[in-house]
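*Asks:* no sequence on this one, just coordinates:
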């Protein structure tokens, strides 16, 4: 039976640490503040926002919401970003993406307007470049950082370990591969064109599955003692939910098949997803400390 | 006996293609121009510059040199970069690095001043971010691109192939890993902390060796039919040089031991190094085409 790597355990320890750090900042007269820009009322945005608010409150971080109508103009959104950039009392800025349809052509431009030092969700060029070049400007995307935080919390040794990352997305696969490489792991980055995924997965010490494909990680892919970080949040229409009905979130792993074989695994929900918004709060505290 | 992957063959084909493209540009009244900023008279800079000048001339690209004294001030160098940025007749800018000692504290700042669209040597944040995010802004570092160009020229199939990259530097290892991933290869990025390098190297279809360590790639690391791209330029004091004396450039591979086993290999010198400055010219032509 595998050890469960639980988001709530990682969060408890993180929030404890962050509370001390925000206390120290407040003692110096600095209140760490996160701006959240939301256009419209998308349920997934609202749900993430609610989670972030709860965690911010426990960690001693203030949230300032900038809620814009769904049909907001590019000019108005840009003005909001400028306002946040120029407010020295705000240390971090999260902007929900994808932006509404009419702003899609401006999304890259607007994202890159956020001041790198406030870019706690890793969406600017400066953050991407820092990830690649190992600089301390901006931040890596929160989901990639959440994977690293879980591995750190459970003392998973990375130096010299072989990690297979499945999925080459810009928000998880590629950034987590770079973070793992910087932490001295040997990373194999797999994707839809990988020829022998079973071999690559089976031979790894750690699997980071970010394929976004329900049930794609079966018992065939895993081996005894491995650590499996299941990043994906897929909708499983047949899975029983908390209310006893059908339909719930599920990862890439066929949990009941993989869990008896591996050494440790993150559940979905309750694993990586639970830690992602905590990383946003952690980054905001770091931004306040850097400033 | 391995097929030799020769820089001069890649260059001949590249220069032919680039000449046609610069002709087409000139027909539209555009003369592709590369600015080279050099501080002082470092022999390695002068040698690279000479190679770039020869290739630029054959490809129909003009070079404008900005030669500054070794004790140049940060202000003067910044003013030179500004001048190049503002000159619409210049499409690419190469600045030799490392900068002289007194400018070291400003190197990152000065590099990042170069306009992304003229950053043909891939040193700005915008270029790094584009590499990670798959955008068409700026350019990847020339040495990483040279590896890709050699693989393209010799029709080495990358989709689904397993590539082991040895070395995680910012100018070769990490960028070439990202370029290969974008080209649908499955990449394992190895480095000094990798535990089982022999296994990773032996099982790959392609090895990119950028360890910068003379004689580090022995027969133990390779297997039949592999393609070996030897990126490193190490000084071998015992190797016979063209003048019959001792002391010459050599790669990571123990050539006489590796060559009989593998399917194809780049010699050093005459392989990747020979193509690097051609990539600078290619990037300049691309920059002129984009503009």
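*Replies:* Thanks, I have the structure now. If you're wondering where the values come from, they're calculated on a predicted model, not measured in any experiment.
*Asks:* And for residue A:63, the neighbour number?
*Replies:* Close neighbours of residue A:63, defined as other C-beta atoms under 10 Å in any protein chain shown, add up to 18. The C-beta positions use only the backbone N, C-alpha and C, and glycine is treated the same way.
*Asks:* Also residue A:212?
*Replies:* The number of residues near residue A:212, taken as other C-beta under 10 Å, comes to 17.
*Asks:* ok, now which ones touch it?
*Replies:* Going by C-beta atoms under 8 Å, 6 or more residues apart in numbering or on different chains, residue A:212 touches A:167, A:169, A:232, A:234, A:252.
*Asks:* how about a cut-off of 10 Å?
*Replies:* A:166, A:167, A:169, A:172, A:173, A:231, A:232, A:233, A:234, A:251, A:252 (C-beta atoms under 10 Å, 6 or more residues apart in numbering or on different chains).
*Asks:* try residue A:139
*Replies:* A:92, A:116-124, A:126-127, A:130-131, A:145, A:279-280, A:282-284, A:286-287.
*Asks:* of the residues you listed, list those near chain B.
*Replies:* A:116, A:123, A:124, A:126, A:127, A:130, A:131 (C-beta under 10 Å from any C-beta of the partner chain).
*Asks:* mind checking how far the residue nearest the centre of chain A is from residue A:175?
*Replies:* The structure's chain A has its C-alpha centroid closest to residue A:143; by C-alpha atoms, centre = their mean the separation is 1.5 Å. Taking C-beta to C-beta, to the nearest Å as the measure, residue A:143 and residue A:175 are separated by 8 Å.
*Asks:* Identify the contacts common to those two.
*Replies:* A:122, A:169.
*Asks:* Could I get the full set of strands for chain A?
*Replies:* Shown for chain A, the strands assigned by DSSP state E span residues A:3-4, A:33-39, A:62-68, A:92-95, A:162-166, A:186-190, A:206-209, A:227-230, A:234-240, A:246-250, A:264-265.
*Asks:* Name the residues of stretch A:267-280 that are buried.
*Replies:* A:267, A:268, A:271, A:272, A:273, A:274, A:275, A:276, A:277, A:278, A:279, A:280 (16 or more other C-beta atoms under 10 Å in any protein chain shown).
*Asks:* Run the chain-centre distance for it.
*Replies:* 7 Å (C-alpha atoms, centre = their mean, to the nearest Å).
*Asks:* can you tell me the average pLDDT over it?
*Replies:* Averaged across stretch A:267-280, pLDDT comes to 97.
*Asks:* try stretch A:192-201
*Replies:* Stretch A:192-201 comes out at a mean pLDDT of 97.
*Asks:* correct me, but residue A:250 touches residue A:258?
*Replies:* No: using C-beta atoms under 10 Å, residue A:250 makes no contact with residue A:258, being 11.9 Å away.
*Asks:* The two: which is more packed in?
*Replies:* residue A:258 (24 against 21).
*Asks:* Put together CSV for the ones next to chain B among the contacts of residue A:139, with pLDDT and neighbour count on each row.
*Replies:* Formatted as CSV, the ones next to chain B among the contacts of residue A:139 follow (pLDDT from 0 to 100; neighbours: other C-beta atoms under 10 Å in any protein chain shown):
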residue, pLDDT, neighbour count
A:116, 94, 17
A:123, 91, 25
A:124, 92, 23
A:126, 90, 24
A:127, 94, 27
A:130, 92, 22
A:131, 93, 25
